[in-house]
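Undergrad: Here's a sequence, model it:
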Amino acid sequence: VDDSAGNGDQLVNPGETLALTATMHNHGSSDSGVFTLSLGAVTGPATAVGGQVAFASLAAGGESVAPATLGLAVAADAADGAWVTVQMDAERTGGLHDISTVVWQVAAPAWGEVSLHAADGLGPRPGQTTDLALSLRNTGSVATSGGVIELAVLTPGDSGLGTVSAALPACLPGEMVTTA
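TA: Reported below is the predicted structural model:
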């Protein structure tokens, strides 16, 4: 799997388009004849992109690496741990099909809220502004690179709080971070 069009970590991440290079083996006792390889049914949070790859005949016991890649686009909202199953269809002369199934697991960060609390640890005081801090845990299988989170009051009242942004540092799986 080549994900150099994504982040290059060799994992199946949300939003990436993977370049798949197949290595075909002829486990039979005679030549395979010429054939084409394409992506068949795809289940899970991904779709096939691109057509097919042509192979020359493989001798019995032979092996060949595809001269081109097939594409697989992973959905941007694919959840950590989701499975993508792809059927690879090798079609030989005469309409004969050899189907292989390949399965990948999506690797992504996943945020879980731990707490929203007063940044100073003292809590709100009447008539004073209280800075809030949000603590989150990365429950996913891949580190986050950090970023910005936008917080908004869902039930506005007299709080005077609108929408604010806060920075989040990078976070390893299983670790917790607090907004700055």
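Undergrad: okay, CA-based contacts and neighbour counts for the rest of this
TA: Will do.
Undergrad: what about the nearest residue to D31 once chain neighbours are set aside, neighbour count?
TA: What sits nearest to D31 in space, not counting adjacent residues and going by CA to CA, 6 or more residues apart in numbering, is A59, at 4.3 Å. Residues lying near A59 (other CA atoms under 10 Å) number 17.
Undergrad: Quick check, A59 in contact with H27.
TA: No. The pair A59 and H27 fails to qualify as a contact (CA atoms under 8 Å) at a distance of 9.4 Å.
Undergrad: if I look at the residue of the chain positioned farthest from its centre, how far off is H117?
TA: Distance from the centre of the chain peaks at G127, with 46.3 Å (CA atoms, centre = their mean). Distance, G127 to H117, using CA to CA, to the nearest Å: 18 Å.
Undergrad: next one: A108
TA: Distance, A108 to H117, by CA to CA: 27 Å.
Undergrad: OK, contacts around A107?
TA: Going by CA atoms under 8 Å, 6 or more residues apart in numbering, A107 touches 11-14, 79-81, 140-142.
Undergrad: What of V114?
TA: V114 neighbours (CA under 8 Å, 6+ apart): 134-137.
Undergrad: Would you mind giving me the confidence score for it?
TA: Looking at V114, its pLDDT stands at 79.
Undergrad: still on that earlier bit, among the contacts of A107, which lie within helices?
TA: Judged by DSSP state H, helices contain none of those.
Undergrad: Can you say which of those are buried?
TA: 11-14, 79-80, 140-142 (16 or more other CA atoms under 10 Å).
Undergrad: Now intersect those with the strands, please.
TA: Using DSSP state E, the subset of the buried ones among the contacts of A107 located in strands is empty.
Undergrad: For those residues, give me CSV that also has distance to Q87 and pLDDT.
TA: Output for those, formatted as CSV (distance: CA to CA, whole Å; pLDDT from 0 to 100):
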residue, distance to Q87, pLDDT
L11, 19, 88
V12, 17, 92
N13, 19, 93
P14, 20, 94
A79, 21, 95
D80, 21, 95
G140, 27, 93
S141, 25, 94
V142, 26, 92
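Undergrad: I am finished for the moment; much appreciated.
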